[in-house]
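Peer 1: the following block contains a protein sequence and its predicted model.
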Amino acid sequence: MNYQDHFHISNLIRNNISRGSPRQALLLYKGIRLKGVFFPGWVPLLLKACACVPSLVPGKLLHSESIKFGIYSDVMVRTSLINMYSKCGRIVSARKVFDEMHERNVAAWNAMIGGYMWNGDTVSATGLFGEMMGSGNEVTWIEMMKGYAKRKETGKARDLFERMPLEMRGVKAWAVMLGGYVGNREMEAARVFFEEIPEKNSFVWSLMISGCFRVGDVDEAGGVFSRVEVRDLVVWNSLITGYAKNGYSDGAIDAFYEMQGEGFEPDAVTVSSVLSACAQSGRLDVGREVHSLINRIGIELNEFVSNALIDMYAKCGDLENATSVFESLSLRSVACWNSMISCLANHGKGREALEMFRTMDTEPDEITFLAGLTACVHGGFLVEGLKIFLEMKTKDVKPNVKHFGCLVHLLGLSGKLKEAYGLVREMPVKPNDTVLGALLGACKVHMDTEMAEQVIKMIETAGSVMKGDSENHLVLISNLYAHAERWQTAEMLRVEMEKRGLQKSTGLSSLVLT
């Protein structure tokens, strides 16, 4: 392999990382190494990919290879190793690499300081920061600020910002401090600080727009956007993504068309957000148009774009195209598997969903298990559902209230009300209205008024956050007693409903009970 090949592969690795596909970069390297090819210049890039995932195993292999091929002493390699180990939560290993360095440049010091802050060790970070005083650069201060912001200590971050030498306080430092406020939802402080920024670039504008969307202030986000005199793709993406995340699908789609009208070509972030908006609103026509655009201008089907396409087609009811996109992918992320399994389950194809769950070639996460359990609920597969739930423990995936809700629903559908009730009582997390509603619904199906009484007590004592929904459950349990011909109890509940202003027409009540 000649130098040009090395250069080409370096660009492929770098492009995969920049496009948000670090796993693809690692797979590319794995394939090359199987052919016995190695080039030292790839190591720092690949270690960066490991840090982005993060993925410790390939990172340790690259560490071994750097020693084997005699490049471990290179400052850039060691700095990349420090960053990789830090992002993988192995701060002791990162410090060992740092201590073994005979010569350290500012980048190595910054990586170690940033590693400590990333892992929450502010004492060690502050100690190194003190040793560097006078020899550090803008990045040194920024790493400390980012670390404090990550720990929600924006006061300490701001103190560092104020102490920062004026010649180092560039637009990036202002942006990091603003990002700290925005990331911690401290929007009042963010608004004041934003107006103080002397030079606002597109990233700063984008941060402020995203911050407003983050706290649900859609109107203010639009107002900030309208103040941007020179817009670029970053600013447009912050608007489109914000609209989509806040459920303003029409706003996202309109902004998408307006952006193109101003001559901007969408990228992977743009189309992922618009596809999400299409999925929310059922706009299959726009979704198909976006898919054609992706193919026409050559946007890479990274894990975000491919997952957005599958999710859009699935939620718009186009199972054929969802399957087609999934099968066309050479590399399928866990998110793509999750979307496809959920898609099959929600279209009544429980068996196919479970088959896909069993044949997936990547490690499942909590969403995968939820998709598998949902398939069992739709298909009424109790035994398989119990197996999947137990499997979560072997995979070290902690079940949340949604997983428990699926299991309660499954047990209830199968008539195992005592087991379902026992599960709800022993859950390590507080049961929400969905869980209790599933159990109460099962009581109605199986006409178990005694169990229903226990459930309604749990609902009434679950707290004020469930008050409105527990009132809806009064309608359900009242009808349950009526069906069981326990007229006196049913009438008492009807009186209670009337006191709460819940007297409903027959038509509305029937909707509640379906």
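Peer 2: That came through fine.

Peer 1: check the gap between Glu150 and Asp121 for me.
Peer 2: Small correction: residue 150 is Lys, not Glu. 12 Å (C-beta to C-beta, to the nearest Å). Backbone N, C-alpha and C define where each C-beta goes, glycine included.

Peer 1: how about His291?
Peer 2: His291 sits 46 Å away from Asp121, going by C-beta to C-beta.

Peer 1: and if you look at Asn201?
Peer 2: Asn201 sits 32 Å away from Asp121, going by C-beta to C-beta.

Peer 1: now do the SS call for Gly348.
Peer 2: What DSSP: H, G, I helix; E, B strand; the rest coil gives for Gly348 is coil.

Peer 1: count the neighbours of the closest residue to it other than its chain neighbours for me.
Peer 2: Closest residue to Gly348 apart from its sequence neighbours, by C-beta to C-beta, 6 or more residues apart in numbering: His378 at 6.4 Å. For His378, the count of nearby residues is 16 (other C-beta atoms under 10 Å).

Peer 1: which ones are touching Met177?
Peer 2: Listed by C-beta atoms under 8 Å, 6 or more residues apart in numbering, the contact set of Met177 reads Met145, Ala149, Ala157, Arg158, Phe161, Phe193.

Peer 1: and which of those is nearest Ile67?
Peer 2: For these, the minimum distance to Ile67 (C-beta to C-beta) is 34.3 Å, reached by Met145.

Peer 1: where does Arg227 land on pLDDT?
Peer 2: Arg227 carries a pLDDT value of 97.

Peer 1: could you do Leu476 as well?
Peer 2: For Leu476, pLDDT reads 59.

Peer 1: what does Pro431 give?
Peer 2: Listed pLDDT for Pro431 reads 84.

Peer 1: check the one 4 residues further on too.
Peer 2: According to the per-residue confidence, Val435 scores 84 in pLDDT.

Peer 1: please name the nearest non-neighbouring residue to it.
Peer 2: Closest to Val435 by C-beta to C-beta, 6+ apart is Gly405, at 4.4 Å.

Peer 1: what residues are up against the residue nearest to Gly348?
Peer 2: If you count contacts by C-beta under 8 Å, 6+ apart, then His378 has Ala345, Asn346, Gly348, Gly350, Ala353 around it.

Peer 1: can you check Asn184 too?
Peer 2: The contact partners of Asn184, taken as C-beta under 8 Å, 6+ apart, are Ala149, Lys152, Thr154.

Peer 1: now with 6 Å, please.
Peer 2: Lys152, Thr154 (C-beta atoms under 6 Å, 6 or more residues apart in numbering).

Peer 1: give me the distance between it and Arg104.
Peer 2: Separation of Asn184 from Arg104 (C-beta to C-beta): 32 Å.

Peer 1: now do Ala51
Peer 2: 19 Å.

Peer 1: higher neighbour count, those two?
Peer 2: Ala51 (22 against 16).

Peer 1: return the distance of the nearest residue to that one once chain neighbours are set aside relative to Glu196.
Peer 2: Nearest non-adjacent residue to Ala51, counting by C-beta to C-beta, 6+ apart: Lys87, 4.0 Å away. Going from Lys87 to Glu196 by C-beta to C-beta gives 32 Å.

Peer 1: and if you look at Tyr313?
Peer 2: Taking C-beta to C-beta, one finds Tyr313 at 46 Å from Glu196.

Peer 1: what residues does Ile294 make contact with?
Peer 2: Taking C-beta under 6 Å, 6+ apart, one finds Val271 in contact with Ile294.

Peer 1: element containing it, please.
Peer 2: helix 284-297 (DSSP states H and E).

Peer 1: list the buried ones in that helix?
Peer 2: Leu284, Val286, Gly287, Arg288, Val290, His291, Leu293, Ile294 (16 or more other C-beta atoms under 10 Å).

Peer 1: centre of the chain to it, how far?
Peer 2: When C-alpha coordinates are averaged (C-alpha atoms, centre = their mean, to the nearest Å), helix 284-297 and its chain have centres 24 Å apart.

Peer 1: report the mean per-residue pLDDT for the next helix or strand after it.
Peer 2: Next in sequence after helix 284-297, counting helices and strands by DSSP H and E, comes helix 303-315. Averaged over helix 303-315, pLDDT sits at 92.

Peer 1: output the helix or strand following helix 303-315 as PDB, restricted to C-alpha atoms.
Peer 2: Sequence-wise, the next helix or strand downstream of helix 303-315 (DSSP H and E) is helix 319-328. This file holds the C-alpha atoms of helix 319-328, laid out as PDB (Å, rounded to 0.1, in the frame of the first residue of the first chain):
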ATOM      1  CA  LEU A 319     -43.800  -0.900   6.500                       C
ATOM      2  CA  GLU A 320     -42.400  -1.900   3.000                       C
ATOM      3  CA  ASN A 321     -40.100   1.200   2.700                       C
ATOM      4  CA  ALA A 322     -39.100   1.000   6.400                       C
ATOM      5  CA  THR A 323     -38.000  -2.600   5.800                       C
ATOM      6  CA  SER A 324     -36.300  -1.700   2.500                       C
ATOM      7  CA  VAL A 325     -34.200   1.100   4.100                       C
ATOM      8  CA  PHE A 326     -33.200  -1.300   7.000                       C
ATOM      9  CA  GLU A 327     -32.200  -4.100   4.700                       C
ATOM     10  CA  SER A 328     -30.100  -1.700   2.500                       C
END
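
Peer 1: what is helix 319-328 packed up against?
Peer 2: helix 303-315 (3 or more C-beta pairs under 6 Å, 6 or more residues apart in numbering; DSSP states H and E).

Peer 1: one more pass at 10 Å, please.
Peer 2: Other helices and strands packing on helix 319-328, by 3 or more C-beta pairs under 10 Å, 6 or more residues apart in numbering; DSSP states H and E, are helix 284-297, helix 303-315, helix 334-346, helix 350-359.
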